[in-house]
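# 3D, please:
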Amino acid sequence: MTIMNDETREFVAMHRNEDVRELALKSKRVEGLDLPLALDQIAGWQIARKKLPQWASCEGIVYPPHISMEQCSSQFTAQYKSEIAQTLFATAATVRARMSDSAESDNQTTKSEPRLSDSVESVMQTAKSAFQLSDSPESDTQEMKMGAWMSDSPESDTLVARSSMVDLTGGFGVDFSYLARGFSQATYVERQRHLCDLAEHNMAALGLDQARIVCGDGVEYLRQMGPVDFIYLDPARRDEHGSRTYAIEDCTPNVFELRDLLLAKSQYTLVKLSPMLDWRKAVADFDGTVREVHIVATGNECKELLLVLGQQMHEEPSAPRVFCVNDNQRIDYDSAAYTQGLRIGGKPLPEVKNYLYEPNASIMKAGCFDLVEERFGVTQVGPSSHLFVSATPVADFPGRGFAIESIGGMNKKDIKRLLNGTKQANIAVRNFPLTAPQLRKKLKLADGGPVYLFGTTMQGCDHVLLRTSKI
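Residues are numbered from 1 along each chain as shown. Predicted structure coming up:
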């Protein structure tokens, strides 16, 4: 299948580092050149260079129009979805192995076994290393093929042991391309013919020989297909008029309506939802079928809410495990143990407050502030302030850390002491009566510089300013 002719391909290669708008104005019409397609390719590659560096480094990729490139998953979030799939099956395999070993041993004394988490972590490390392809354009072309990591090594055998997966909402195919690497059979389903043509071309360019492209309605395909190991859905979050929607029942397809069918047709289903949703309500609405909740952020911006659906292993519904991810900052916890995120009354503030910590976006979305207190030995500034203080520095805190230089109230004397001649500062507010712009105007400060000012409410309802410097 030829999507781009030689003249267009040569134009793209020659001009891909140039400004697309200038090219559109100054480029001469050349016989055989499809200029609109060429401009889409140049703009797409320029976005992919930052958003999808592995794709950008792969020769032969054809990109869709601009809006599809803006809406598609990033390399980070796509890789993370693949890690989820690998871990789910690694965990299940480990559980089966342990059950088998236990049955075989009967009453014999068995040797100690590695903990489940150790086994999963080992597989995860193998998976992560497999995805660490070089982003350098100078790297060998074969290394840029997405399927190249599936070698004959024992580690790779472990990772590709899953037999089949289906992506029912294929789109541009970024998520599919990463998920498919862990399966020997991978099916992409998409209603729009032009996206199917792109996917067929690009999956071949990426070396995904196990990929099968189906042009059709995902819901109809789900109804007629046989059981598979894994299903992925990314429901469209726009209505018939093109307006953005967030509620699960307003998306296409409506996953609530498909829930029982998804559970019957797959061992696990991964659903991508809007990060705007209340994850606790979403879990409740799925009525005991959510196994895991993944809140995924990158660059401290919450990007995706991912739910893993699966049949319950016990008669009594169990609360899902929650995973908070912000780039390399990752924590997970049992949601049943931390249901509200706040301790009633809170623990008292330490007398010495030397350090201030602000949780990352995934923690803020999860609301697991009591977990943060317990796990990292910090104390909430106030019950709704979502900032933490400690007397000593905290290693690996999932967020930003600051050294506290001084704390004061909102009276003129305290403000003068806090500012001490400062003319500019970075200002943030949490649970504070003024917005950041209002506080900046009141303090007459320019933006920027090494000083970070936080306006918040302490335990006891005192409004305070904390002058800090970034650690």
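
# tell me the average confidence for the helix or strand that residue 372 is a member of?
Element membership of residue 372, judged by DSSP states H and E, is helix 369-376. Per-residue pLDDT over helix 369-376 has a mean of 92.

# can you pull out the residues in contact with the strand or helix carrying residue 416?
Residue 416 is part of helix 412-419, with elements assigned from DSSP H and E. Contacting residues not belonging to helix 412-419 are listed as 406, 408, 443, 445, 453, 465, 467 [CB atoms under 8 Å, 6 or more residues apart in numbering]. Placement of C-beta: from N, CA and C, glycine included.

# just the ones of those residues in strands?
Using DSSP state E, the members of these that fall in strands are 406, 408, 453, 465, 467.

# beta partners for the third one?
When bridges are taken as DSSP bridges, the partners of residue 453 come out as residue 427, residue 467.

# can you check the first one too?
Counting by DSSP bridges, residue 406 is bridged to residue 467.

# who are the contact partners of it?
417-418, 466-467.

# hmm, try it at 10 Å
For residue 406, the set of contacting residues under the criterion of CB atoms under 10 Å, 6 or more residues apart in numbering consists of 414, 417-420, 465-468.

# got it, and residue 441?
434-435.

# tell me the pLDDT at it?
Here the pLDDT value assigned to residue 441 is 95.

# please apply the same query to residue 245.
At residue 245 the predicted local confidence, pLDDT, stands at 70.

# is it true that it touches residue 273?
No: taking CB atoms under 10 Å as the definition, residue 245 is not a contact partner of residue 273, at 11.1 Å.

# neighbour-wise, which of those two wins?
Relative neighbour count places residue 273 above the other of residue 245 and residue 273, with 22 against 15, counting by other CB atoms under 10 Å.

# can you give me phi and psi for that one?
Geometry field for residue 273 lists phi and psi as phi -130, psi 170, criterion degrees, to the nearest 10.

# not counting sequence-adjacent ones, nearest residue to it?
Counting by CB to CB, 6 or more residues apart in numbering, residue 273 lies nearest to residue 305, which is 4.5 Å off, once chain neighbours are set aside.

# I'd like the next helix or strand past the helix holding residue 372.
That would be, after helix 369-376 and using DSSP H and E, strand 379-380.

# burial of the closest residue to residue 329 other than its chain neighbours, as a residue count?
Leaving aside its sequence neighbours, residue 329 sits nearest to residue 398 (CB to CB, 6+ apart; 4.3 Å). Other residues within reach of residue 398 by the criterion other CB under 10 Å amount to 19.

# give the intersection of the neighbour lists for residue 245 and residue 273.
Common contacts of residue 245 and residue 273, defined by CB under 10 Å, 6+ apart, comprise 235, 237, 251.

# rounded mean pLDDT for the helix holding residue 416, please.
Over the span of helix 412-419, the pLDDT mean works out to 94.

# buried ones in that helix?
By neighbour count, with 16 or more other CB atoms under 10 Å as the criterion, the buried positions of helix 412-419 are 418-419.

# same question for stretch 302-313.
Of the residues in stretch 302-313, those with enough neighbours to count as buried (16+ other CB under 10 Å) are 302-310.

# do the same with stretch 16-27
Applying a neighbour-count criterion of 16+ other CB under 10 Å, one finds 16, 20, 23 buried in stretch 16-27.

# for the chain, name the helix or strand with the lowest mean pLDDT.
For the chain, the helix or strand with the lowest mean confidence is helix 154-159, at a mean of 39 (criterion: mean pLDDT, DSSP states H and E).

# burial count for residue 197?
As a burial measure, the neighbour count of residue 197 was computed by other CB under 10 Å and equals 16.

# contacts only, for it.
Under the contact definition (CB under 10 Å, 6+ apart), the residues listed for residue 197 are 1, 3, 62, 190, 213, 215.

# what pLDDT does the last one get?
Looking back up the chat, that one is residue 215. Taking residue 215 on its own, its pLDDT is 97.

# list the contacts for it?
Contacts of residue 215 were listed using CB under 10 Å, 6+ apart, and they are 170, 188-197, 199-200.

# also the second one?
Taking CB under 10 Å, 6+ apart as the definition of contact, the neighbours of residue 3 are 9, 34, 37, 41, 60, 62, 194, 197-198, 200-202.

# from residue 94, how far out is residue 258?
Taking CB to CB, to the nearest Å as the measure, residue 258 falls 29 Å from residue 94.

# and what of residue 309?
Plainly put, residue 309 is 21 Å away from residue 94 if you go by CB to CB.

# equivalent analysis for residue 354, please.
When CB to CB is the yardstick, residue 354 and residue 94 sit 43 Å from each other.

# which one of those two is surrounded by more residues?
When neighbours are counted by other CB under 10 Å, residue 354 and residue 94 differ, and residue 94 comes out ahead with 20 against 13.

# check which helix or strand that one maps to.
The secondary structure element spanning residue 94 is helix 75-105 (assigned by DSSP H and E).

# mean confidence for that helix?
For helix 75-105, the mean confidence score works out to 81.

# check stretch 324-335 too.
Throughout stretch 324-335, pLDDT has a mean value of 95.

# same thing with stretch 281-296?
Regarding stretch 281-296, the rounded mean pLDDT is 95.

# what's the first-to-last distance across that stretch?
Distance across stretch 281-296, first residue to last, is 18 Å (CA to CA, to the nearest Å).

# enumerate every residue touching the nearest residue to residue 199 once chain neighbours are set aside.
Nearest residue to residue 199, sequence neighbours excluded (CB to CB, 6+ apart): residue 173, at 4.3 Å. The contact partners of residue 173, taken as CB under 10 Å, 6+ apart, are 55, 64, 72-73, 78, 167, 180, 188, 190, 195-196, 198-203, 206, 208, 211, 213.

# re the thing from before, pull the most distant pair out of the contacts of residue 197.
Taking every pair in the contacts of residue 197 and measuring CB to CB, the maximum separation is 16.6 Å, between 62 and 215.

# could you list the low-confidence segments of this protein?
1-2, 93, 95-162, 238-243, 313-317, 339-346 (pLDDT under 70).

# which residue is nearest the centroid of it?
residue 296 (3.2 Å; CA atoms, centre = their mean).

# isn't it up against residue 303?
Yes: in this structure, residue 296 is within contact of residue 303 by CB under 10 Å, at 5.5 Å.

# which residues do the two both contact?
With contacts defined as CB under 10 Å, 6+ apart, the residues adjacent to both residue 296 and residue 303 are 73-74, 76-77, 80, 272, 275, 325-326, 361-362.

# could you give the bridge partners of the residue nearest to residue 273?
Beta-bridge pairing for residue 305 (DSSP bridges): residue 273, residue 295.

# which residues touch it?
Neighbour list for residue 305: 271-279, 282, 293-296, 362, 365 [criterion: CB under 10 Å, 6+ apart].
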